[in-house]
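Engineer: structure here, sequence nowhere to be found:
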């Protein structure tokens with residue numbers, strides 16, 4: 001089982017220094033995940049996105065600073081609590097996030113095109129079920145001591 005998950009991780013480029021490139025903008029796997037979470041969540045705070053991804057806030061903060069310098073992310077104080085920072089994608093960030101989404105969907109469509117309809121449906125149901133079970137697991141994100149949002 002580990003061998004299969006290792007292969008999936010490698011083939012998705014999750015171990016590569018640069019996982020995605022859109023219009024000459026290179027982003028790492030972690031940065032790609034951050035852009036995705038900012039894009040799909042409404043006015044997420046720094047802490048919310050860090051928690052969703054299971055990243056320590058200090059490490060996350062460094063990634064956000066890099067994404068700000070790349071002009072992909074904007075960080076503003078919350079209108080409700082000035083101590084809290086709200087994240088959003090810049091126009092450039094939206095373009096990069098959309099490009100990454102298209103690349104991932106194209107990759108998945110290519111993979112699923114190699115399968116029969118039955119295999120596609122079975123695989124999609126199994127992956128959705130696995131994601132649901134992993135979210136509920138006390139061992140989620142590799143932590144046996146605490147449950148994280150995954």
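Structural biologist: Noted; the coordinates are in hand. Because the structure is predicted, anything quoted here is derived from the model rather than measured. Residues are numbered from 1 along each chain as shown.
Engineer: show me what counts as buried in the helix or strand where residue 59 lies.
Structural biologist: Secondary structure from DSSP states H and E places residue 59 in helix 57-69. Buried residues in helix 57-69, counted by 16 or more other Cβ atoms under 10 Å: 60, 63, 64, 66, 67. Yep, even glycine has a C-beta here, placed from its N, CA and C like the rest.
Engineer: what's the neighbour count on residue 134?
Structural biologist: Counted by other Cβ atoms under 10 Å, the residues lying close to residue 134 total 12.
Engineer: same question for residue 80.
Structural biologist: If you count neighbours by other Cβ under 10 Å, residue 80 ends up with 7.
Engineer: that one falls within a helix, correct?
Structural biologist: No. Counting by DSSP: H, G, I helix; E, B strand; the rest coil, residue 80 is not found in a helix; it is coil.
Engineer: for it, phi and psi?
Structural biologist: Backbone torsions of residue 80, given as degrees, to the nearest 10, read phi -90, psi -30.
Engineer: ok, the one 3 residues further on next?
Structural biologist: Dihedral angles of residue 83 (phi, psi; degrees, to the nearest 10) stand at phi -80, psi -10.
Engineer: can you tell me how far it sits from residue 130?
Structural biologist: Remark: distance between residue 83 and residue 130 (Cβ to Cβ, to the nearest Å) = 38 Å.
Engineer: higher neighbour count, these two?
Structural biologist: residue 130 (10 against 6).
Engineer: before we move on, which element is the more buried one in?
Structural biologist: Following DSSP H and E, one finds residue 130 within helix 117-136.
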